[in-house]
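Q: Using only what follows, build the 3D model:
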Amino acid sequence: MINSRVIPSVARNLQLRPSAVMALGMSALLGIPAWSAASAQASDHSNDAVMRAMRDELARSMEQLRLDTLPKPYFIAYRVTESEGTGVAARLGSLVTAPETARRSRFASVEVRVGDYNFDNSNYVGAGFMPTEFVGSGQIPIDDDYGAIRRQLWIATDRAYKQALEALTQKRAALETRSRGDDTPDFSREPAHTDVDEVPPAPTNRADAEALVRTLSAVFRGLPDIYNSRASFSSGWTLTRYVNSEGTFFTRAAPRVSVTITANTQAADGMPLSDVFSLDVRTQADLPRRDSLLSAARALASRLAQLRQAALAAAYEGPVLFEDRAAAELFNAVITPRLVGIRRPVTTAELGRFMGEMTNDWQDAIGAPVLPKFLTVVDDPTKRTIDGVVVEGYHVDDDGVPARPTTVIDHGVLKTLLTTRVPVAGVERSTGNRRGFGPAPSTLIVTADSALADDALRRRLIEMATAQGLSYAVVVRRIMDGRSPQEGGGEVIFVSAGMGDGGGDGPRVASLAAFRVYPDGREEMIRAAEITGVSAASFKNIVAVSQRRTITTTAFVSRGGMFGGGGGGTVSYVVPSLLFTNVTLRRPRGSNPRLPIVPPPLDR
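A: Coordinates of the predicted model:
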């Protein structure tokens with residue numbers, strides 16, 4: 001994740017405000033949609049001023065860019081993403097942001113490599129160096145002014161080339177006193193590929209969007225126990241143009257619409273409680289019926305009301321069933337970061353220990369069992385919808401490498417890692433998974449050779465608890481997925497849920513919806529259960545899964561972050577419920593804020 005201490009430095013290099021860099025970085029890492037200009041041509045870019053400027057400056061740079069007798073670039077790539085969109089939000093039936101004129105922007109990034117495919121300036125981190133993705137990046141004109149756009153690309157390319165030369169020199173110097181570690185190439189050779197994947201922009205009915213957020217947010221009127229709530233709608237269209245010196249070219253464009261409902265409150269002991277409902281579809285016409293969205297808002301309010309009254313979790317050690325979305329969120333927190341291949345960069349001695357913490361401990365586990373034999377995991381970015389639900393699919397990744405299904409875990413055995421054109425030991429070709437700063441999954445599909453119906457899985461859970469002498473078992477239906485919603489400054493912000501790697505005991509995860517389940521079928525909600533001891537190794541102890549699978553999309557940030565070469569964005573999951581033999585729950589630790597001094601005013 002972005003470290004706030006480096007933001008001013010990034011801003012100086014990009015000549016942007018720190019707030020703009022943070023917005024850019026969080027968009028890339030968390031997958032927040034950027035919206036592109038609806039006026040852009042949908043398929044034919046032969047007369048496109050932006051693409052002509054990209055191609056012409058790329059050709060000139062490859063032919064003429066050279067400083068004295070120093071090496072010329074062997075690879076250059078340009079990527080321009082343009083965005084346009086609008087949004088509206090309401091609280092308690094009243095608008096807090098009105099439907100606004102579409103915001104429009106263009107952002108360009110330049111990648112310059114000096115050396116050769118075997119050894120180049122990349123995969124190096126040293127003092128005073130920015131990540132490669134930031135060096136030749138910045139905003140470019142939104143007008144289709146060929147000359148102005150080309151000039152900005154020229155400036156960015158010059159800056160990126162000069163740092164590439166310096167990085168190559170420092171990288172060679174850093175390796176003079178030690179071995180390289182392995183002879184894995186710095187950049188993989190991939191066939192040139194051309195792709196046009198563009199869905200035309202869909203019109204947005206602003207009046208309907210305004211009416212929708214008013215209606216959804218009004219659900220919380222008359223509910224004084226819900227302190228703050230918000231319903232928002234956003235829509236737009238994103239266009240990405242890409243061209244590189246090997247001949248690869250692609251354009252990618254698609255509309256996207258999001259509806260988000262958030263609410264928060266406090267329990268009687270002051271504990272903050274919050275929940276969120278979010279939905280992404282392609283167009284406004286794809287949204288569910290309004291009564292369905294109203295049901296989702298009412299369900300969110302009901303969950304929070306129950307949670308306020310729920311007893312605090314007590315210490316528990318025994319079988320736990322992660323149902324529905326909780327199964328996907330747990331997989332996202334523990335397993336998914338280990339499915340991406342992150343190259344450990346060459347560094348100075350001072351940064352060596354820091355970068356070592358960003359490596360993936362599964363990179364040496366290819367060929368070893370990591371899950372039960374009855375489970376298989378496939379990443380399939382070729383899918384756009386599954387059972388009518390929109391998932392994170394694409395034709396080509398951000399390097400222009402064609403998407404294809406990759407079996408990452410086959411019957412429990414780790415077969416490969418998801419990679420970009422930056423190879424890792426044992427995986428020297430791209431799997432087509434560059435998303436943003438580095439590798440990230442798209443749509444992870446977990447299948448099982450044998451699975452149980454929901455009632456049979458519940459009986460198995462109770463039988464296991466009884467066999468251990470426990471009076472109840474635990475079912476978790478929702479956990480914090482790294483995006484705990486809080487209200488701040490009129491906008492929804494997301495804060496870490498404390499799911500960083502906790503070492504051998506695994507990450508510490510806070511539940512949002514957990515229940516004690518008794519042998520007679522009775523359920524009792526428990527509040528703030530802290531789940532510990534679920535490590536990657538614990539997943540080998542899954543004893544059963546459900547026949548029914550949940551399809552959901554959530555935020556993903558790799559353990560490496562942008563400085564370690566990891567990607568981000570959103571990842572879709574198709575995951576069954578997961579029954580673990582032994583999980584530890586305990587009460588939350590720490591103090592709570594005070595309750596409001598006076599009760600909330602009544603809604604009139």
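Q: for the stretch 301-450 of the chain, what spans make up the strands?
A: Using DSSP state E, counting those that start in this stretch, the strands of the stretch 301-450 of the chain run over 311-312, 316-322, 346-347, 375-379, 385-386, 389-390, 406-410, 413-414, 434-435, 438-439, 443-448.
Q: Buried residues, the longest one. List them.
A: What that stands for is strand 316-322. In terms of neighbour count (16 or more other Cβ atoms under 10 Å), strand 316-322 has its buried residues at Tyr316, Gly318, Pro319, Val320, Leu321, Phe322. C-beta coordinates here come from the backbone N, C-alpha and C atoms, glycine included.
Q: in the sheet, who's paired with the last one?
A: Taking DSSP bridges as the rule, Phe322 bridges to Val476, Leu578.
Q: wait, it sits on Ser577?
A: Yes. Phe322 is in contact with Ser577 according to Cβ atoms under 8 Å; the separation is 6.4 Å.
Q: where does this structure have low pLDDT?
A: 1-46, 99-101, 127-135, 179-181, 349-359, 481-508, 559-568, 603-604 (pLDDT under 70).
Q: just the helices in it please.
A: For the chain, the helices defined by DSSP state H cover 7-14, 18-30, 49-64, 132-135, 146-175, 206-218, 290-309, 325-334, 349-356, 454-467.
Q: Out of those, indicate the one that is most buried.
A: helix 325-334 (a mean of 25; mean count of other Cβ atoms under 10 Å).
Q: Name the residues that touch that helix?
A: 322, 444, 446, 476-482, 499, 506-507, 509, 511, 513, 534-536, 538-539, 550, 552, 554, 556, 571, 573, 575-578 (Cβ atoms under 8 Å, 6 or more residues apart in numbering).
Q: And for stretch 462-477?
A: Identification of contacts with stretch 462-477 by Cβ under 8 Å, 6+ apart yields 316, 318-326, 458, 461, 511, 513-519, 523-524, 526, 529, 531, 543, 579, 581, 583, 585.
Q: centre of the chain versus that stretch, how much separation?
A: In terms of Cα atoms, centre = their mean, to the nearest Å, the centre of stretch 462-477 is found 33 Å from the chain centre.
Q: first vs last residue of it, how far apart are they?
A: Here the two ends of stretch 462-477 are set 16 Å apart, with distance taken as Cα to Cα, to the nearest Å.
Q: check contacts around the closest residue in space to Lys162 that isn't next to it in sequence.
A: Distances taken as Cβ to Cβ, 6 or more residues apart in numbering place Leu67 nearest to Lys162, at 7.2 Å, with adjacent residues excluded. By Cβ under 8 Å, 6+ apart, the contact set of Leu67 is Tyr161, Lys162, Leu165.
Q: Of the residues you listed, which is the nearest to Thr215?
A: Comparing the contacts of Leu67 against Thr215 with Cβ to Cβ places Tyr161 closest, at 54.2 Å.
Q: Verify the contact between that closest one and Leu65 for me.
A: Yes. Using Cβ under 8 Å, Tyr161 makes contact with Leu65 at a distance of 5.7 Å.
Q: okay, and the common contacts of those two?
A: Contact with both Tyr161 and Leu65 is made by residues Pro73, according to Cβ under 8 Å, 6+ apart.
Q: Flag every buried residue along stretch 104-123.
A: Going by neighbour count (16+ other Cβ under 10 Å), the buried part of stretch 104-123 is 104-115, 119-123.
Q: for stretch 96-106, same thing?
A: Buried, per 16+ other Cβ under 10 Å, within stretch 96-106: Val96, Thr97, Pro99, Ala102, Arg104, Ser105, Arg106.
Q: Distance from the chain centre to that stretch, please.
A: On Cα atoms, centre = their mean, the centre of stretch 96-106 falls 24 Å from that of its chain.
Q: Stretch 413-421 too?
A: Centroid separation for stretch 413-421 versus its chain: 18 Å, with Cα atoms, centre = their mean.
Q: mind checking the end-to-end distance for it?
A: Its first and final residues considered, stretch 413-421 spans 24 Å by Cα to Cα.
Q: In that stretch, which residues are buried?
A: Neighbour-count burial for stretch 413-421 flags Val413, Leu414, Thr416, Leu417, Leu418, Thr419, Thr420, Arg421 (criterion: 16+ other Cβ under 10 Å).
Q: Could you single out the nearest of the residues you listed to Ser188?
A: Arg421 (4.7 Å).
Q: need the contact list for the closest residue to Ala89 other than its chain neighbours.
A: Ranked by Cβ to Cβ, 6+ apart and with sequence neighbours excluded, the top spatial neighbour of Ala89 is Ser232, at 3.9 Å. Taking Cβ under 8 Å, 6+ apart, we find Ser232 in contact with Gly87, Val88, Ala89, Ala90, Thr97, Val213, Ser258, Val259, Thr260, Ile261, Val492.
Q: what are the bridge partners for the fifth one, then?
A: So that's Thr97. Beta-bridge partners recorded for Thr97 (DSSP bridges): Ala89.
Q: Is it in contact with Thr86, as I believe?
A: No. Using Cβ under 8 Å, Thr97 makes no contact with Thr86, being 10.0 Å away.
Q: so which of the helices of the chain comes closest to Pro599?
A: Going by Cβ to Cβ, the one of those nearest Pro599 is helix 290-309, 13.8 Å.
Q: Now the terminal residues of stretch 581-600, how far apart.
A: Stretch 581-600 stretches 44 Å from its first residue to its last (Cα to Cα).
Q: Return the distance of that stretch from the chain's centre.
A: The chain centre lies 27 Å from the centre of stretch 581-600; the measure is Cα atoms, centre = their mean.
Q: Tell me the buried residues in it?
A: Result for stretch 581-600 [16+ other Cβ under 10 Å]: buried residues Val583, Thr584, Leu585, Arg586.
Q: can I see the domain layout of this structure?
A: As given by automatic domain parsing, the domain ranges for the chain are 31-309, 316-586.
Q: now for those, which one comes closest to Ile597?
A: Using Cβ to Cβ, the domains of the chain put domain 31-309 closest to Ile597, at 12.3 Å.
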